[in-house]
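> Provided below are the primary sequence and the corresponding predicted coordinates.
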Amino acid sequence: MKRAPFSDTPRNAFDAPFSLWSDLSPRRPPATDDFLPEAPAGAERDRLCLDTLKLSPLIVWTADRQGALVEIDERALGRFGLTYDQAKGNGYLSVVHPRDRRHLARAWRMAADLGLPIDRDVEMCLRDGTCHWHRLRAAPLRDANGQILFWYGTIEDIHDRKRADDALRWTTSHDGLTGLYNRPHFQHRLHQALAWSERHESQVALLLLDIDNFKSINDQFGHDVGDAFLREIAVRLSSITDRPVMAGRLGEDEFGLCLALAYGGELDGVIDRARATLEQPVRYDDQSHDCRVSIGVSVYPAHGIDGGTLIRNAELALQEAKARGGGLCHFESNMRAKMQVRLSMLSVARGVLAGDRFVPYYQPKIDLGSGRAVGLEALLRWWHHDGEIRYPSAIAAAFDDADIALAIGDRMLAKVAADIATWRAGGVAFGRVAINVTSAEFRQRNFADSLLRRLDHYRIPPQMIELEVTESVLFDPEMERTVQTLQVLGTAGITIALDDFGTGYASMAHLREFPVNALKIDKSFVQQLPHGCNGAIVKALIFLGRGLDIETVAEGIENEVQAKHLRDEGCRIGQGFLFSEGVPAAAVPALMQRVWPVPVERRVADRRAPRG
């Protein structure tokens, strides 16, 4: 060590810590020569002090009253690769990381001017070029009049501890899988961003997004692929715009993106880039997977002046986007009312499930040539607390909730299977029973096996079942899996009917790709027959079915004019209120024995053009 000033230091400077310890002790230690060995004095004492300091991880140093370095432990010179001449004065600042150098110099000047202790963490560069965090502490030594004689201090390497503390802080504020902010910290930073925007009178856009069909991705391909989706989305969020952004993972597959807007029209461009970037296919293990996201948008201050309101409104917009089948949705004030209705529907549906108040009703399918029932469609109904039977439209939002939709579907399937078993035991001929299947049910990984096991449990031949699926099922991102499921069901003997055909996006190409046995003409086309363009549409659909050897079934027939028109165009099977509403299971045996009148030619006169 360079010159050691400790021999000249007033003795009370070293006694102070011991005096303090004595004052805080429950009782003073006995001051007897028998208890304590005789303390060395003079040069021997100074040598022992220096030897003790060498064993300490602390590097000691002194500075003059103005804060200029006077002496420093030789270990520090070797550690930082400095000579004494290079370190003295303010030269030691050369090994302080450039990021911290100016701040440390300013803090040290302020401490020297005010005579206040300093305790600061700084990053310092070592001889080998690496940088470590160090704790720099200093306190003034004063004379009897309070004047600063010099400063004494220590330098301690706290790099490992600092990294551990930083890692702990990081884990409390970040998501471990994606590296983005977690939900609590994202909300905290959003509050800060809004406060900044308020001072600068600028706008902030909040985008909430989630991955469409993420549960199906996990179920079908495993969580490794799902995790790859999440990590890739996190990477893409940072490349959407050159402007400063803040991103976070707010839920399992829900992400938040916050950005400051220089002007209102900028948001549209950012959203367009976001969708184009986020919906690029995700590659994992040499396979490419489609990626689709739903996005909800709210803007400060138009849609909320605090973070909580802004997040809630963006969540409302996201829910609306998902209800529309995905894509983008901006917040609108009427969404709150719609959300209340949706939450009410979900609550009612959960209550009906808990009370086991779902019940299947059955509507007959009629041969339009003979008037006889050739099959049934199972329709969902539920008992209200007032004792009345209600329709599924009263809880429509429940079918957009995957968990509730799955629970309802499972409950309905069990009840329909039990009814079929009862009819078979009673010798009732009922043809096939059509069961509606939601997208959430169909996209389960083991849907086909589960359905076939259920039928086997009730000893029901698969040939007695028809599944009605909507066009959305055909647009599953993993079309190959959908085809495989349909093929397994078809091989077992279950037929597939495409419901509401003509109202969505299914085309002849899809009918060629998928093993579909029947097309159900939507009632919106049937109800206006034979007037307007609906007649041409229905004729085309029937012709399409005939050409592809697919049965066509008309829904929603309400009068004989509609029934005759459909029969004359070649549609063999129809259903609707003209024949029967849905009836409970107990009424099915009598229903199957009934013969309905067949429309005759005299009804043709009813086909007249509508008044203009």
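Yep, it's here.
> correct me, but Val488 touches Ser450?
No - with contact defined as Cβ atoms under 8 Å, Val488 does not count as touching Ser450 (11.3 Å). C-betas here are computed from N, CA, C, even on glycine.
> which phi and psi does Gly296 have?
For Gly296, the backbone dihedrals (degrees, to the nearest 10) come out as phi -120, psi 140.
> so what's it up against?
Neighbour list for Gly296: 207-209, 314-321, 329-331 [criterion: Cβ atoms under 8 Å, 6 or more residues apart in numbering].
> at 10 Å instead, please
Taking Cβ atoms under 10 Å, 6 or more residues apart in numbering, we find Gly296 in contact with 206-210, 254, 311, 313-322, 328-331, 335.
> Filter those down to the ones in strands?
If you go by DSSP state E, the contacts of Gly296 have Leu206, Leu207, Leu208, Leu209, Asp210, Glu254, Leu328, Cys329, His330 in strands.
> Pretty sure the fifth one sits against Asp253.
So that's Asp210. Yes - between Asp210 and Asp253 a contact is recorded at 4.9 Å, counting by Cβ atoms under 10 Å.
> between the two, what contacts are shared?
Joint contacts of Asp210 and Asp253 (Cβ under 10 Å, 6+ apart) are Ile233, Val293.
> before we move on, the earlier item: most widely separated two among the ones in strands among the contacts of Gly296?
Within these, two members stand farthest from each other by Cβ to Cβ: Glu254 and His330, at 17.7 Å.
> that older thread, could I get the ones in strands among the contacts of Gly296 in JSON lines, plus columns for pLDDT, neighbour count and distance to Val374?
Shown next, in JSON lines, are the ones in strands among the contacts of Gly296 (pLDDT from 0 to 100; neighbours: other Cβ atoms under 10 Å; distance: Cβ to Cβ, whole Å):
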{"residue": "Leu206", "pLDDT": "93", "neighbour count": "28", "distance to Val374": "55"}
{"residue": "Leu207", "pLDDT": "93", "neighbour count": "27", "distance to Val374": "52"}
{"residue": "Leu208", "pLDDT": "94", "neighbour count": "27", "distance to Val374": "49"}
{"residue": "Leu209", "pLDDT": "92", "neighbour count": "25", "distance to Val374": "47"}
{"residue": "Asp210", "pLDDT": "91", "neighbour count": "20", "distance to Val374": "44"}
{"residue": "Glu254", "pLDDT": "93", "neighbour count": "18", "distance to Val374": "47"}
{"residue": "Leu328", "pLDDT": "90", "neighbour count": "19", "distance to Val374": "45"}
{"residue": "Cys329", "pLDDT": "92", "neighbour count": "21", "distance to Val374": "44"}
{"residue": "His330", "pLDDT": "92", "neighbour count": "18", "distance to Val374": "49"}
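> Turn these into TSV, columns for distance to Lys415.
As requested, these are exported to TSV (distance: Cβ to Cβ, whole Å):
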residue	distance to Lys415
Leu206	44
Leu207	43
Leu208	38
Leu209	38
Asp210	33
Glu254	35
Leu328	39
Cys329	36
His330	42
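> what's the closest of those to Phe430?
Nearest to Phe430 among the ones in strands among the contacts of Gly296, with distances taken as Cβ to Cβ, is Asp210, at 42.7 Å.
> so Gly427 sits in a helix?
No - applying DSSP: H, G, I helix; E, B strand; the rest coil, one finds Gly427 to be coil, outside a helix.
> Leaving aside the residues adjacent along the chain, what's closest to Ile465?
Ile494 (5.0 Å; Cβ to Cβ, 6 or more residues apart in numbering).
> how about Phe577, what does it touch?
Gln363, Gly556, Ile557, Glu558, Asn559.
> Tell me the one among those residues nearest to Asp113.
The closest of the contacts of Phe577, once distances to Asp113 are taken by Cβ to Cβ, is Gly556, at 88.7 Å.
> Helices of the stretch 351-500 of the chain, residue ranges please.
Taking DSSP state H, counting those that start in this stretch as the criterion, the stretch 351-500 of the chain contains helices spanning 402-425, 439-442, 447-457, 471-474, 479-492.
> Can you say which of those is packed in most?
Of the helices of the stretch 351-500 of the chain, the one with the most neighbours on average (mean count of other Cβ atoms under 10 Å) is helix 439-442, at a mean of 22.
> I'd guessed Leu541 sits against Glu569; true?
Yes - here Leu541 reaches Glu569: they are 9.3 Å apart, a contact under Cβ under 10 Å.
> and for those two, which residues touch both?
Common neighbours of Leu541 and Glu569 (Cβ under 10 Å, 6+ apart) are Thr552, Ala554.
> pLDDT wise, what is the nearest residue to Arg390 once chain neighbours are set aside at?
Distance criterion Cβ to Cβ, 6+ apart; nearest residue to Arg390, sequence neighbours excluded, is His384 at 5.0 Å. We have a pLDDT of 91 for His384.
> please renumber so the chain begins at 23
Okay, using 23 as the starting number, the last item reads as His406.
> Now for His406: which residues touch it?
Neighbours of His406 in contact, by Cβ under 10 Å, 6+ apart: Val370, Val374, Arg379, Arg412, Ala416.
> Format these as JSON lines; extra columns: pLDDT and distance to Gly329.
Supplementary listing: the contacts of His406 in JSON lines, determined by pLDDT from 0 to 100; distance: Cβ to Cβ, whole Å:
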{"residue": "Val370", "pLDDT": "94", "distance to Gly329": "32"}
{"residue": "Val374", "pLDDT": "94", "distance to Gly329": "36"}
{"residue": "Arg379", "pLDDT": "94", "distance to Gly329": "41"}
{"residue": "Arg412", "pLDDT": "94", "distance to Gly329": "40"}
{"residue": "Ala416", "pLDDT": "92", "distance to Gly329": "35"}
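> Narrow the residues you listed to those in strands?
Arg412.
> Any idea how many residues pack against Ser238?
21 (other Cβ atoms under 10 Å).
> and what of the one 5 residues further on?
Burial of Phe243, expressed as a neighbour count using other Cβ under 10 Å, amounts to 19.
> So Glu220 belongs to a strand, correct?
No - counting by three-state DSSP, Glu220 is not found in a strand; it is helix.
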